[in-house]
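Peer 1: Build me a model from this:
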Amino acid sequence: MDQTSRSAPSSAAGHRQRLRERFLNSGLQGFHDYEVVELLLSLGTPRKDCKQMAKNALKMFGSLRMVLQATPKELERIQGIGPNNIFGLKLAQSVSRRYLEERIIMKNAIQSSGDVTDYLRHMLGERNLEIFLVLYLNGSNQVLKSEELFTGTLNEAAAYPREVVKKTIENNAAALILVHNHPSGRCAPSDKGKILTARLVAALKPIDVNIHDHIIIAGNDHYSFADHGLL
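Peer 2: Numbers count the residues shown, from 1 in each chain. Sure thing, here's the model as predicted:
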């Protein structure tokens, strides 16, 4: 084995160690996005040089957030990235979601859509499919639970009101915030979304449960039915 092949692993290990020390000393301040991705990729393959893979991932997906939102199948299209590398990316994404969720569960009372939009954007902002999510609130307007109920295009089918009423009773909720995303990037509510909201308001009225808001998430933007006088 020549000197070059012997020194390469040591050089890569030293580079990773320097990245880790920078992070431990000052967090992510000063880090390029590719260095963040590189650190996450190396969690599953600590002896593998992940720098070029990280750069390739950012080139393909365009941003750190889009890399984290990419599916394992999409990530594996990048040469060198396998299941072990993907572990670090998916772990970071899941931990972030858990952290943001715990920040809103049983914390301060929800006063407006702005109190939960950081969490909702992280949960739904870059999802490729339309997701219908419900925040269950107690009588003090604190969030009891967040739950994804449906995946796919919203419609006015009777299954939505029945399932939402059932879950509301199971969670002993006093009020709800409805949420869904628009993968198209357009925030404006559709006619189907308005019809579904009206049906849910009517379905929940007999059990004395109010819908405080219906929030649409589209990337970094959001639309509040309540703020626009639609509830």
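Peer 1: Quick check: what element follows the helix or strand containing residue 103 along the chain?
Peer 2: In this structure, residue 103 is located in helix 83-104 according to DSSP states H and E. Per DSSP H and E, helix 83-104 leads on to helix 117-124 as the next helix or strand towards the C-terminus.
Peer 1: For that next one, which helices and strands make contact with it?
Peer 2: Secondary-structure packing of helix 117-124 (3 or more Cβ pairs under 8 Å, 6 or more residues apart in numbering; DSSP states H and E): helix 83-104, strand 131-137, strand 175-181, strand 210-218, strand 221-224. Where C-beta positions appear, they are placed from N, C-alpha and C, glycine not excepted.
Peer 1: Convert the C-alpha atoms of stretch 177-189 to CSV, please.
Peer 2: C-alpha atoms of stretch 177-189 as CSV (Å, rounded to 0.1, in the frame of the first residue of the first chain):
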residue,chain,number,x,y,z
ILE,A,177,-57.3,23.3,14.5
LEU,A,178,-57.5,21.6,11.0
VAL,A,179,-54.4,21.7,8.8
HIS,A,180,-53.5,20.6,5.4
ASN,A,181,-50.8,21.3,2.9
HIS,A,182,-50.7,22.4,-0.7
PRO,A,183,-47.7,20.7,-2.4
SER,A,184,-48.4,22.9,-5.4
GLY,A,185,-47.2,25.9,-3.4
ARG,A,186,-50.4,27.9,-3.7
CYS,A,187,-51.9,28.9,-0.4
ALA,A,188,-55.4,29.9,-1.4
PRO,A,189,-58.1,27.5,-0.3
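Peer 1: Quick check on residue 227: phi, psi?
Peer 2: phi -60, psi -30 (degrees, to the nearest 10).
Peer 1: how far away is it from residue 194?
Peer 2: 15 Å (Cβ to Cβ, to the nearest Å).
Peer 1: how about residue 31, phi and psi?
Peer 2: Torsion angles, degrees, to the nearest 10, at residue 31: phi -80, psi 140.
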